[in-house]
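[1] build me a model:
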Amino acid sequence: RNILFWTTIASAPLGMIQLLLITHVNRDIGIPDGAFILGDDVVLSILGEFAFLPTLVLAARLCPPGVEAVLFATLMSIFNGASTVGTEVGAALTKYLEITESNFDNLAL
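    Prediction:
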């Protein structure tokens with residue numbers, strides 16, 4: 001419970017850091033866009049893995065003996081599938097709202 005709580009608390013403000021990229025505040029403080037995105041992506045990915053650990057531990061405790069590998073593979077398939085769907089929905093919304101690297105006019109919708 002503590003891991004899930006603290007990773008959620010840490011991820012919430014870190015998820016908002018992308019607003020600094022949109023407003024180009026990162027350039028004002030001397031961080032290039034590429035480095036800023038890479039650092040943000042790495043930190044949020046690590047926190048996401050830590051947040052997923054309690055789910056895996058709970059699944060391992062509830063899992064009947066002998067099917068641990070199948071359960072783990074199923075959970076990872078669902079997790080990766082959801083990630084892919086989220087990426088594609090985000091890309092579709094970006095295209096639908098006509099958001100480009102220089103035009104963020106419809107981002108507030």
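[2] helices or strands next to the helix or strand harbouring residue 38 in the packing?
    Assigned by DSSP states H and E, residue 38 belongs to helix 33-62. Counting contacts by 3 or more C-beta pairs under 8 Å, 6 or more residues apart in numbering; DSSP states H and E, helix 33-62 is packed against helix 2-15, helix 18-22, helix 25-28, helix 68-96. Placement of C-beta: from N, CA and C, glycine included.
[3] any idea which of those gets closest to residue 49?
    helix 2-15 (9.0 Å; C-beta to C-beta).
[4] neighbours around the nearest residue to residue 8 once chain neighbours are set aside, how many?
    With C-beta to C-beta, 6 or more residues apart in numbering as the criterion, residue 8 has its nearest non-adjacent residue at 6.6 Å, and that residue is residue 51. The local packing of residue 51 (other C-beta atoms under 10 Å) involves 17 other residues.
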